[in-house]
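Undergrad: fold the following and give me the result.
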Amino acid sequence: MINKIFLGKEIPGMIEACEQILLQECAKNLNFDQYDIVTEFGTFFGRSTSCISAGLKENDSFNNKRCRFYAYDHLNVICQEVFIHTCILLQNNPISKTL
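TA: Take a look at the predicted model:
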């Protein structure tokens, strides 16, 4: 069981508290091999990304084996009444160093 449950209430999103807890617990309890990669597509504003990150931060298997976490989203943003095509990539060193 997770000692501290992270709930991304302050982050806009479409996943409920029970789903946030499930994502965090799954990320915390997965067993990773050396250099494994976790990838999330469709992060929206990052609520699920934050929950996954919180679980991975507590996962020794993830942190000790130099694994990485990537989160991608494809957004259309209205800027000065014009649609602008943007792509967001959250890419860093192992999550334990970025949180």
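Undergrad: C-alpha only now, for contacts and for neighbours.
TA: Noted.
Undergrad: all strands for the chain, in order.
TA: 37-41, 68-79, 82-90 (DSSP state E).
Undergrad: least confident of those, on average?
TA: When those are ranked by mean pLDDT, strand 82-90 comes last with a mean of 47.
Undergrad: and the closest residue to Cys51 other than its chain neighbours, how many neighbours?
TA: Spatially, and ignoring its direct neighbours in sequence, Cys51 is nearest to Gln24 (5.0 Å; CA to CA, 6 or more residues apart in numbering). Number of residues near Gln24 (other CA atoms under 10 Å) recorded here: 25.
Undergrad: so how far is Ser61 from Gln24?
TA: Gln24 sits at a distance of 15 Å from Ser61 (criterion: CA to CA, to the nearest Å).
Undergrad: same check on Cys18?
TA: From Cys18 over to Ser61 the distance is 24 Å, taken as CA to CA.
Undergrad: try Ile21
TA: Applying CA to CA, the value for Ile21 to Ser61 is 19 Å.
Undergrad: ok so, going back, of Cys18 and Ser61, who's got more company?
TA: A side-by-side neighbour count of Cys18 and Ser61, using other CA under 10 Å, places Ser61 first with 18 against 9.
Undergrad: surely the more buried one and Asn31 touch.
TA: Yes. Using CA atoms under 8 Å, Ser61 is in contact with Asn31, at 5.8 Å.
Undergrad: tell me, which helix in this structure spans the most residues?
TA: As assigned by DSSP state H, the longest helix anywhere in the chain is helix 17-29.
Undergrad: who are the neighbours of that helix, in terms of helices and strands?
TA: Secondary-structure packing of helix 17-29 (3 or more CA pairs under 8 Å, 6 or more residues apart in numbering; DSSP states H and E): helix 47-57.
Undergrad: for the helix it packs on, output the C-alpha coordinates as CSV.
TA: Extracted C-alpha coordinates of helix 47-57, given in CSV (Å, rounded to 0.1, in the frame of the first residue of the first chain):
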residue,chain,number,x,y,z
ARG,A,47,-3.4,14.7,-14.0
SER,A,48,-2.7,11.0,-14.9
THR,A,49,1.0,11.9,-15.6
SER,A,50,1.4,13.2,-12.1
CYS,A,51,-0.2,10.1,-10.6
ILE,A,52,2.1,7.8,-12.6
SER,A,53,5.1,9.9,-11.7
ALA,A,54,4.3,9.8,-8.0
GLY,A,55,4.1,6.0,-8.1
LEU,A,56,7.3,5.7,-10.2
LYS,A,57,9.1,7.9,-7.7
